[in-house]
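> here is the input, now give the coordinates:
(4 chains)
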Number of protein chains: 2
Amino acid sequence: MALEHAILVSLLEKPGSGYELARRFERSIGYFWTATHQQIYRVLKRMEGDGMLAVREVPQQGRPDKKEYSVAAPGRAALSQWLHEPVEPESLRHDLAVKIRGAAFDDPAALVREVERHRQAHADRLAHYLAGQVRDFTGPEAPAPLDAGQELQHVVLRGGIAYERMTIAWLDDVLATLHRLAERPPHARG
Amino acid sequence: MALEHAILVSLLEKPGSGYELARRFERSIGYFWTATHQQIYRVLKRMEGDGMLAVREVPQQGRPDKKEYSVAAPGRAALSQWLHEPVEPESLRHDLAVKIRGAAFDDPAALVREVERHRQAHADRLAHYLAGQVRDFTGPEAPAPLDAGQELQHVVLRGGIAYERMTIAWLDDVLATLHRLAERPPHARG
DNA sequence: ACTAACATGTAAGCTGTTACATGATTAT
DNA sequence: ATAATCATGTAACAGCTTACATGTTAGT
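The predicted structure follows:
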């Protein structure tokens, strides 16, 4: 399971609390792995018990105390071992594709609004990624030259950008197909 | 959960046994939704109990008997209802991206072979999809004109093809990045 | 004899989601 | 007052994965 490993990577990049991790999973790490705070707290506790993480209670002024987690030696070793093991290439799980094929047994035109909604969500994500790319990697505020960690973060972000662009283009193809089907004379629908 | 709905779509396209469904989930349906036979048998039983599916025992010669499932009226209604409900745009779960960011804390060059392996897997899938496209939709053996169901299957397949092409191009970008980092003088790494 | 394909299941364990629960501080 | 943000958890349930389990027929 990669949630543990995603947490190890994130904490190596910067130690932090469960709450902070949950927010990172809504942003940068979340571009390729999602997790809710409930999951994160459960896994942090387990990993702490396994000796993978070290905890430090940090008293704060004007805010509740927090537990700052950082990666202990066994955690770093576990990550290193995982990096050297092969993982299976992902298989997709795409509800919308199921819906599109299902539309053959319902009204294809009824899907148009849903597909447009998805297109908008992907366009928003793309805009967000592009802004992040300029801010962190290509803009005047970005460090130059980038270190290895930043280069690797950038290539992952480029993957997210490519994914969103591809998805938007495909959803346009889907919309065009749905419109073509809606214009067919009834006897040709089948 | 979309497994039920994926099963409904598949059985509407063609009734079949749990075993046959499991094979379809390794092929066409599996392009965008995966499931193992254990999952499928369990869900089929539940759906049958809920009255969504009808079963027919089919004796076979030279083979074990099979249970052929088909969609009953309540199943069709449930699919239709789901088609009219919005679903959340998917979030990615990509182990390899976690590994790439993790490589900053290990040896980036050690990831090259893993990335190449993934690239090969995606190239194989792309070849498989392209062959299917010619066989079912664009080749001389394919029906012309396509009916609505076939048009929708084709646009989903085009999505799979676009996904594999995008992924292969991104993995080439990843490989180029890893090679660039490996060529850096040691003082410029970290 | 052995392997592959056909065919269907159970059990245990892990992962993930949703709902519930609490409490402080800061800004409007 | 009210809402938002910070901060951490529990409980119940649903879904998925892995291992185990059985038996037939067809091909080499």
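
> skipping its backbone neighbours, what lies nearest residue A:70 in space?
Closest residue to residue A:70 apart from its sequence neighbours, by C-beta to C-beta, 6 or more residues apart in numbering or on different chains: residue A:15 at 3.8 Å. Where you see a C-beta, it was placed from the backbone N, CA and C, and this is true even at glycine.

> that neighbour: how many residues sit nearby?
Neighbours of residue A:15 under the rule other C-beta atoms under 10 Å in any protein chain shown: 18.

> what separates it from residue A:154, distance-wise?
Going from residue A:15 to residue A:154 by C-beta to C-beta, to the nearest Å gives 22 Å.

> ok, now which ones touch the nearest residue to residue A:171 once chain neighbours are set aside?
Of all residues not flanking residue A:171 in the chain, residue A:119 sits nearest, at 4.3 Å (C-beta to C-beta, 6+ apart). Residues in contact with residue A:119 (C-beta atoms under 8 Å, 6 or more residues apart in numbering or on different chains) are A:168, A:171-172, A:175.

> do residue A:104 as well
When contacts are counted by C-beta under 8 Å, 6+ apart, residue A:104 touches B:12-13, B:148-149, B:152-153.

> would it count as being in a helix?
Yes. If the criterion is DSSP: H, G, I helix; E, B strand; the rest coil, then residue A:104 is within a helix.

> which of the helices or strands spans the closest residue to it other than its chain neighbours?
Among residues not flanking residue A:104 along the chain, residue B:149 sits closest, at 3.7 Å (C-beta to C-beta, 6+ apart). Using DSSP states H and E, residue B:149 sits within helix B:148-183.

> and that helix, what does it pack against?
The contact analysis (3 or more C-beta pairs under 8 Å, 6 or more residues apart in numbering or on different chains; DSSP states H and E) places helix B:148-183 against helix A:95-102, helix A:148-183, helix B:112-133.

> now it: buried residues?
B:148-168, B:170-171, B:174-175, B:177-178, B:181 (16 or more other C-beta atoms under 10 Å in any protein chain shown).

> same question for stretch A:16-36.
So, applying 16+ other C-beta under 10 Å, buried residues of stretch A:16-36: A:16-18, A:20-22, A:24-25, A:28-35.

> now stretch A:84-94
Buried-residue list, stretch A:84-94, by 16+ other C-beta under 10 Å: A:87, A:89-90, A:92-94.

> also within reach of chain B: list those from those.
Of the residues in these, proximity to chain B by C-beta under 8 Å from any C-beta of the partner chain holds for A:87, A:89-90, A:92-94.

> circling back: and which of the buried residues of stretch A:84-94 is nearest DNA strand C?
Among the buried residues of stretch A:84-94, residue A:93 lies closest to DNA strand C (C-beta to the nearest atom of the strand), at 10.3 Å.

> please identify which helix or strand holds the closest one.
For residue A:93, there is no enclosing helix or strand under DSSP H and E.

> same deal with residue A:67?
strand A:66-71.

> compute the inter-axis angle for the helix or strand just after that strand and strand A:66-71.
Scanning forward in sequence from strand A:66-71 by DSSP H and E, the next helix or strand is helix A:73-83. Calculated by axes from the mean of the first three to the mean of the last three C-alpha atoms, to 10 degrees, helix A:73-83 forms an angle of 50 degrees with strand A:66-71.

> quick one, domains of chain A?
For chain A, automatic domain parsing gives the domain ranges A:2-83, A:95-188.

> turn those domains into TSV, including mean pLDDT and distance to DNA strand D.
Formatted as TSV, the domains of chain A follow (pLDDT from 0 to 100; distance: least, C-beta to the nearest atom of the strand, whole Å):
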stretch	mean pLDDT	distance to DNA strand D
domain A:2-83	92	3
domain A:95-188	93	10
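
> could you dump those domains into TSV and include distance to DNA strand C?
Formatted as TSV, these follow (distance: least, C-beta to the nearest atom of the strand, whole Å):
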stretch	distance to DNA strand C
domain A:2-83	3
domain A:95-188	12
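
> CSV for those, including distance to residue B:129?
Output for those, formatted as CSV (distance: least, C-beta to C-beta, whole Å):
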stretch, distance to residue B:129
domain A:2-83, 23
domain A:95-188, 13
